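[1] Predicted model, plus sequence, below.
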Amino acid sequence: MSLIARHFEASGLPTLILGSASDILQSGKPPRAKFLDYPLGFESGRPFDAENQLAVVAEAIKGFDSMVAPGIDKLDFSWEEGWQMIAERNKNEIGADQRSPRDMTPRYQTERDRELAEDHG
């Protein structure tokens, strides 16, 4: 998403990414992003909670006016129950996240992709 956002921004179209994976946002270097510290998959708010979802999205959209330089701003929302839900799910191995731990090592599909990414840094 960050690559697409940078392309659109270079063409004069403002973008804003709303994400819940800080490390991915940081490595993607989006022109404008809001970070929501909720578990992955809940980037636009708590499930079945329209009030929270509207509040999250409304606050994120303010970034179009308040963010004057590229960066990632943290939204001021918390959802401890969401993290507990994920921990319980993983403890019971029902729907547990089996992915490898994240790190900051870039991975590319082809050598050409790596070269292009490094050239546009």
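    It's in.

[2] part of a helix, is residue 112?
    Yes: membership of residue 112 in a helix is supported by DSSP: H, G, I helix; E, B strand; the rest coil.

[3] Could you pull out the strands in this protein for me?
    17-19, 32-35, 71-74 (DSSP state E).

[4] Quick one, which of the ones you listed gets closest to residue 50.
    strand 17-19 (16.4 Å; Cβ to Cβ). The way it works is simple: take the backbone N, C-alpha and C, and place the C-beta from them, glycine included.

[5] Direction included, what does that closest one pair against?
    Using DSSP bridges, strand 17-19 pairs in its sheet with strand 32-35 (parallel).

[6] can you pull the buried residues of the strand it pairs with?
    32-35 (16 or more other Cβ atoms under 10 Å).

[7] Ok, stretch 15-31 next?
    Here stretch 15-31 shows 15-20, 24-25, 28-31 as buried, counting by 16+ other Cβ under 10 Å.

[8] related to what we said a few turns ago, what would the strands of the chain look like in a markdown table with mean pLDDT and distance to residue 115?
    Listed next are the strands of the chain as a markdown table, based on pLDDT from 0 to 100; distance: least, Cβ to Cβ, whole Å:
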| stretch | mean pLDDT | distance to residue 115 |
| --- | --- | --- |
| strand 17-19 | 95 | 24 |
| strand 32-35 | 96 | 25 |
| strand 71-74 | 95 | 26 |
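
[9] Switch those over to CSV; also include distance to residue 54.
    Output for the strands of the chain, formatted as CSV (distance: least, Cβ to Cβ, whole Å):
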stretch, distance to residue 54
strand 17-19, 13
strand 32-35, 15
strand 71-74, 19
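
[10] which two from the buried residues of strand 32-35 end up farthest apart in space?
    The most widely separated members of the buried residues of strand 32-35 are 32 and 35, with 11.5 Å between them, by Cβ to Cβ.

[11] now, among the buried residues of stretch 15-31, which is nearest to residue 66?
    residue 16 (10.6 Å).

[12] Can you check the pLDDT for that closest one?
    pLDDT recorded at residue 16 is 96.
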